[in-house]
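Sequence first, then the predicted structure, then my questions.
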There are 2 protein chains.
Amino acid sequence: MGGGGGGAAAGVELSANLGEFRLEKVLSKDEAGKKVYLLGEVGGARAVLKLERAGWSDAAISGLLVPSTAVDKSFSNDVYSKYSAERGGVVADLTCPATDKHVSKATHHPMVLVEETAEGYAAVTRPFIEAIPPSRLQWVYNILEKKAEAERLIYEDADAEVGFVLMPDLKWDGADSNACYCLAIVHRHDVRSLRDLTAAHLPMLRGVLEKGRQAVEVKYGIPADKLRVFVHYQPSYYHFHVHFVHVEAHAGGQAIGKAHLLSDVITNLELCPGYYQRATLAYTLSEGDPLYNAWEAHRSAGGAEQQAALPRKD
Amino acid sequence: MGGGGGGAAAGVELSANLGEFRLEKVLSKDEAGKKVYLLGEVGGARAVLKLERAGWSDAAISGLLVPSTAVDKSFSNDVYSKYSAERGGVVADLTCPATDKHVSKATHHPMVLVEETAEGYAAVTRPFIEAIPPSRLQWVYNILEKKAEAERLIYEDADAEVGFVLMPDLKWDGADSNACYCLAIVHRHDVRSLRDLTAAHLPMLRGVLEKGRQAVEVKYGIPADKLRVFVHYQPSYYHFHVHFVHVEAHAGGQAIGKAHLLSDVITNLELCPGYYQRATLAYTLSEGDPLYNAWEAHRSAGGAEQQAALPRKD
């Protein structure tokens, strides 16, 4: 891999250590601050230096799990505690004692892409949703009825048909506007997900998009062209809600196969009123997810022919 | 922040150092290996430990840019060289001498979301595409005509109307199937992007999706339900091509506002033959991108009223 190309003589290299780089300024930091790009000089020539921490090798892990890696406790609460370790610039989160659920959550589960036809929704997903105890949505109703988190609302359209509440998401601390994450929850209770939407819901959807953007701009000074506004399918709970996230934010849940731009949803319903009753919708599921298990049970019962790509045993 | 909740007594903490954690096994590593979850024991109790390297603070940067941070050169080529530093487990990439273009590429440019209507496409994006010199696509034609990279093709449907070639993307080394990244390039030259697609292209699109998946399964053993198959709008070059990426891969370019699942594209054209001539399509652009500049020029000329969310000066 050593240099040897025709132009190799043109470059300037480090001979021994990072002290040879004279820092002028930080140009940028990537997602989550794991990479940083620096402007400076090496041997009198202008230089860009990228620093990135290496991934966790087995050697790096065992090298840290030794008595010489002293830790400072940041906080502890019940079974959860958090530390910083000076050596290696490491943050450590301990869960102890750990339940099976803690262990499962920390374990990698393979993902699959499901292509859910309208028939697949009727056979598997809708019965799955309808079997969820209604009490799981009580926390949502508490917000809509101002029995909880009322002080956190930043906007409300109180109309029973097209109205919604808007509030910052718990995962945003409100400090950095580039990390803005707000959530709109509609007042009506009968839209479980994307699949229930028809052209009749267009006034509600346009209201959430337009009034929600305006409210975020008024409250946080973030204009419409700095926000991704989207819904999840599958969502984590089956009461229609919409995410408002800054385009620079490094929040997850924005990939195709999970996220759908609200403007695309509106376009789809404008061009085809029954779009979401007819479309094939693709989404990723982790093996072991309850809905994944429902698809597996359906497949075992011989219902898999309808799907182009379905969970299968490896 | 110190513990003090009712259940604080139930937890087990580290008293002094990471050596108190007795490792049993690695449960999972997150994207790009920056976080790792470990199963083990603390004081005889089962524990889950998450290790994550802290982000780059100014202190961490200046603490590394010192003579005591020795580096090993991995390779160098012209102005580019790469090093590993034992201290802090750091990988460093140096570009020296650096041009203005190198500096601009490493600098953070704010992003905006553009909502491109059909009228906006006709007024701004289509003229922008048509002004690109045709020679920019010569490398694509070289691949299609087997003048370049012929040995890298893993599948071809040679039909002039619906055919395509499939090859591994240069960013995938072929080693880890969970990182699989392949690219299909269609033979016909007249589809510049999503905007040019009509129902007449459905046989080509279905062929790319189905035959492409089969070829990836035959060649790499990766089944259809482990692949995200998508196109970009805006794409990096205006000759229709499709990305085939493993669902577990940590490749970028899969967010809404850039990526469109090919199965969604097919659904849209099945439900509405003229979908992409009529739809409003949203995408993110970096300020300074040539297309961003074209939108800015259009806006300055008074053409911005058509768009709901457009680049604007802050």
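Received it, and whenever you're ready, just let me know what you need.

What segments of the stretch 201-314 of chain A are helices?
Secondary structure of the stretch 201-314 of chain A, counting by DSSP state H, counting those that start in this stretch: helices at A:202-220, A:262-271, A:275-278, A:290-300.

from the ones you listed, which stretch is densest packed?
Ranked by mean neighbour count, these are led by helix A:262-271 with a mean of 21 (mean count of other CB atoms under 10 Å in any protein chain shown). Glycine gets a C-beta too; all of them are placed from N, C-alpha and C.

Is there any residue in that one that contacts chain B?
Yes - under the criterion of CB under 8 Å from any CB of the partner chain, helix A:262-271 makes contact with chain B via A:263-264, A:267-268, A:271.

can I get those in CSV with distance to residue B:56?
Converted to CSV, those look like this (distance: CB to CB, whole Å):
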residue, distance to residue B:56
A:263, 35
A:264, 35
A:267, 40
A:268, 41
A:271, 46
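
Adding distance to residue A:209 and pLDDT as columns, could you present the residues you listed in JSON lines?
Below are these laid out as JSON lines (distance: CB to CB, whole Å; pLDDT from 0 to 100):
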{"residue": "A:263", "distance to residue A:209": "7", "pLDDT": "97"}
{"residue": "A:264", "distance to residue A:209": "11", "pLDDT": "97"}
{"residue": "A:267", "distance to residue A:209": "11", "pLDDT": "96"}
{"residue": "A:268", "distance to residue A:209": "14", "pLDDT": "97"}
{"residue": "A:271", "distance to residue A:209": "16", "pLDDT": "94"}
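
now, among these, which is nearest to residue B:144?
Closest approach between the residues of helix A:262-271 next to chain B and residue B:144, by CB to CB: residue A:264, at 31.2 Å.

What distance do you get for the closest one to residue A:65?
As for residue A:264, its distance to residue A:65 is 47 Å (criterion: CB to CB, to the nearest Å).

Repeat that for residue A:114.
The value you get for residue A:114 to residue A:65, if CB to CB is used, is 39 Å.

out of these two, which sits in the more crowded spot?
Using other CB atoms under 10 Å in any protein chain shown, the more surrounded residue of residue A:114 and residue A:65 is residue A:114, with 23 against 19.

which residue does the stretch 51-200 of chain A bring closest to chain B?
residue A:55 (2.7 Å; CB to the nearest CB).

secondary structure class for that residue?
coil (DSSP: H, G, I helix; E, B strand; the rest coil).

For burial, what's the neighbour tally of it?
By other CB under 10 Å, neighbour count at residue A:55 equals 16.

and what of residue A:255?
16.

my read: it touches residue B:255, true?
Yes - assessed by CB atoms under 8 Å, residue A:255 is found in contact with residue B:255 at 5.9 Å.

Now do the contacts for the closest residue to residue A:125 other than its chain neighbours.
Excluding its sequence neighbours, the residue lying closest to residue A:125 (CB to CB, 6 or more residues apart in numbering or on different chains) is residue A:116, at 6.2 Å. By CB atoms under 8 Å, 6 or more residues apart in numbering or on different chains, the contact set of residue A:116 is A:124-125, A:280-283, A:307.

Mind checking which of those land in strands?
A:281-283 (DSSP state E).

so which of those residues also contact chain B?
Okay, of those touching chain B (CB under 8 Å from any CB), that's A:281-282.

Neighbour count and pLDDT added to the ones in strands among the contacts of residue A:116, as TSV?
Below are these laid out as TSV (neighbours: other CB atoms under 10 Å in any protein chain shown; pLDDT from 0 to 100):
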residue	neighbour count	pLDDT
A:281	24	97
A:282	24	97
A:283	20	97
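
Of the ones in strands among the contacts of residue A:116, which is the nearest to chain B?
When the ones in strands among the contacts of residue A:116 are compared against chain B (criterion: CB to the nearest CB), the nearest one is residue A:282, at 5.2 Å.

Chain B contacts on the stretch 101-250 of chain A?
Counting by CB under 8 Å from any CB, the stretch 101-250 of chain A sits next to chain B at A:102-103, A:106-108, A:110-115, A:213, A:223-228, A:230, A:247-248.

tally of neighbours for residue A:107?
15.

Residue A:29 versus the residue nearest to it when sequence neighbours are not counted, what's the distance?
Spatially, and ignoring its direct neighbours in sequence, residue A:107 is nearest to residue B:27 (4.6 Å; CB to CB, 6+ apart). According to CB to CB, residue B:27 stands 28 Å off from residue A:29.

between those two, which one's more packed in?
residue B:27 (20 against 16).

For the helix or strand where that one lies, which strands pair with it and how are they oriented?
In this structure, residue B:27 sits in strand B:22-29 according to DSSP states H and E. With DSSP bridges as the test, strand B:22-29 is paired with strand B:35-42 (antiparallel).

in chain A, which segments are predicted with low confidence?
Across chain A, the ranges flagged by pLDDT under 70 are A:1-9, A:31-33, A:88, A:303-314.

in the stretch 1-150 of chain A, which spans are strands?
A:22-29, A:35-42, A:45-53, A:71-77, A:80-85, A:90-95, A:111-116 (DSSP state E, counting those that start in this stretch).

would you turn the helices of the stretch 201-314 of chain A into JSON lines with distance to residue B:129?
Formatted as JSON lines, the helices of the stretch 201-314 of chain A follow (distance: least, CB to CB, whole Å):
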{"stretch": "helix A:202-220", "distance to residue B:129": "28"}
{"stretch": "helix A:262-271", "distance to residue B:129": "21"}
{"stretch": "helix A:275-278", "distance to residue B:129": "28"}
{"stretch": "helix A:290-300", "distance to residue B:129": "41"}
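
got the contact list for the strand holding residue B:27?
Outside strand B:22-29, the residues that reach it (CB under 8 Å, 6+ apart) are A:55-56, A:58, A:61-62, A:65, A:103, A:106-108, B:35-42, B:48.

Put the buried members of those residues into a PyMOL selection.
Those of the contacts of strand B:22-29 that count as buried under 16 or more other CB atoms under 10 Å in any protein chain shown are selected in PyMOL with:
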select buried, (chain A and resi 55+56+61+65+103+106) or (chain B and resi 35+36+37+38+39+40+41+42+48)
